[in-house]
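Asks: What would the 3D arrangement of this be:
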Amino acid sequence: MDIEEILEKTLEEILIKMGVEYNKIEVSEEEKGLFAVNIKTDNPSHLIGYHGETMQSLQHLLKVLSWKQTGSDENYHITLDVDDYRKRQEENVITLTDRKVDQIRKSGRPQKLPPMSPYFRRKVHLHCMGAGFDDIETFSEGDADLRHVVIKSK
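Replies: All right, here's what the predicted structure looks like:
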């Protein structure tokens, strides 16, 4: 059984044990060693939870259980999404980042993004390292739940 099948079957078992109805589980390898898992359901809020906390917990559980099945020599990562919630959140964070970059270019003053998870901070850093951002630099500051990205001119 390949990793995609293991992820799908394991998640299916978790959802059945939780008593959660779903329409479909989509698994794809986005890049080498990074698997995207998306649950399609009519009641996404139940699986997403408050600010995505339930979804994060499900992702961790799926990762641990699938790693046990494949053996510790497997080196791969999983990103779990529910009805493209995380994808929409990523798009919102990138849109906000682009607006802040425009403000920096007009005013010259550094801009702070709101506190966000390590996952979304990484997305911001990677986005600002891409083409068209040679004049911009980013860094994270703050502690725990207040950690945020600061964007400024080089």
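Asks: In terms of pLDDT, where does residue 73 sit?
Replies: We have a pLDDT of 58 for residue 73.
Asks: mind starting the numbering at 36 from now?
Replies: Let's use 36 as the start, then, which means that last one is residue 108.
Asks: Now do the buried residues in the lengthiest helix in the chain.
Replies: Identified as the longest helix of the chain according to DSSP state H is helix 120-142. Neighbour counts using 16 or more other Cβ atoms under 10 Å place 120-121, 124-125, 128-129, 132, 135-136, 139 of helix 120-142 among the buried residues. C-betas here are computed from N, CA, C, even on glycine.
Asks: of all those residues, which comes closest to residue 51?
Replies: Relative to residue 51, the closest of those is residue 120; by Cβ to Cβ it sits at 21.2 Å.
Asks: didn't the closest one look like it was pressed against residue 81?
Replies: No: in this structure, residue 120 is not within contact of residue 81 by Cβ atoms under 8 Å, at 11.9 Å.
Asks: Roughly how far does the residue lying farthest from the centre of the chain sit from residue 135?
Replies: In the chain, residue 142 marks the outermost C-alpha relative to the chain mean, sitting 30.8 Å out by Cα atoms, centre = their mean. As judged by Cβ to Cβ, to the nearest Å, residue 142 and residue 135 stand 11 Å apart.
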